[in-house]
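>>> Return a 3D structure for these sequence lines:
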Amino acid sequence: MSQEKTNVMRLLDRAKIPYTPHYYDHRDGAIDGVAVAQKLGQPLEQVFKTLVTRGNHSLYVFVIPVAEELDLKTAAKTCGEKSVEMVHVKELITLTGYIRGGCSPIGMKKALPTFVDESAKKQPAIMVSAGKIGTQVELSPADLTALIGAEFAPLIKQR
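Take a look at the predicted model:
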C-alpha cells in the first residue's frame, strides 16, 4: 500500500487543517464504505461516503455515513430542487476528477454545493476519502465543512 500524499492531503496542509491519514489494502476489490470502515476498524457512523447528484440547476454533493442511504427527497428539498438523482459512475471522473471509491468532498475539479449529514456534528472526527482508493483522511467535521463551504443538513433515510 503506497502512502504518498494525495492532493486532498496537500489541500488540507495548505489550509493548515489537522488531519490523520489512514491507509487500507484494497487489492481484494472491497472498496465500499462499510468494507473500508471495517478494514480500518472504525465505527460506521464516523466513516462518510461522498455522493454526487444532479438536479435541474446544478450538481450537488452529499456526504453521509457509509452504512446509510441518501434520502433523495430530503436531499432535493435541502438544495432547493424538485428532485435530484445520482450521477452515473462513468460521469464521476469527468465531473469531479475522482473515481468511484476515491471520491472526496475535498478538491473536486469545481466547487459544488455540498451538504454533510447532520450526524457528523455528533462525532469528534469523521473520515472521508483522501481522493484515492486505499486512502482516507480523518478530520473534524467543522474543519471539513469550513474548508469546502458545506452545510450540515438531515440527509439520510430514516429507518
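>>> What strand or helix carries Thr74?
Take DSSP states H and E as the rule and Thr74 turns out to sit in helix 72-78.
>>> Taking the centroid of this structure, which residue is nearest it?
Thr50 (2.9 Å; Cα atoms, centre = their mean).
>>> residues in contact with that residue?
Neighbouring residues of Thr50 by Cβ atoms under 8 Å, 6 or more residues apart in numbering: 61-63, 98, 103-105, 128-129. All C-beta spots, glycine's among them, are computed from the backbone N, C-alpha and C.
>>> On the three-state scheme, it is what?
strand (DSSP: H, G, I helix; E, B strand; the rest coil).
>>> Across the sheet, point out what pairs with it.
Val63 (DSSP bridges).
>>> So for it, what's the pLDDT?
In the prediction, the pLDDT value recorded for Thr50 is 98.
>>> Roughly how far does it sit from Lys121?
According to Cβ to Cβ, to the nearest Å, Thr50 and Lys121 sit 17 Å apart.
>>> ok, residues contacting stretch 14-33?
For stretch 14-33, the external contacting residues (Cβ under 8 Å, 6+ apart) are 1, 3, 5, 9, 12, 36, 39-40, 42, 47-49, 66-67, 100-101, 125, 127, 130, 133-140, 143, 147.
>>> Endpoints of it, how far apart?
Separation of the first and last residues of stretch 14-33 by Cα to Cα, to the nearest Å is 27 Å.
>>> from the middle of its chain, how far away would it be?
Chain-centre distance of stretch 14-33: 11 Å, with Cα atoms, centre = their mean, to the nearest Å.
>>> Kind regards, and thank you for your time.
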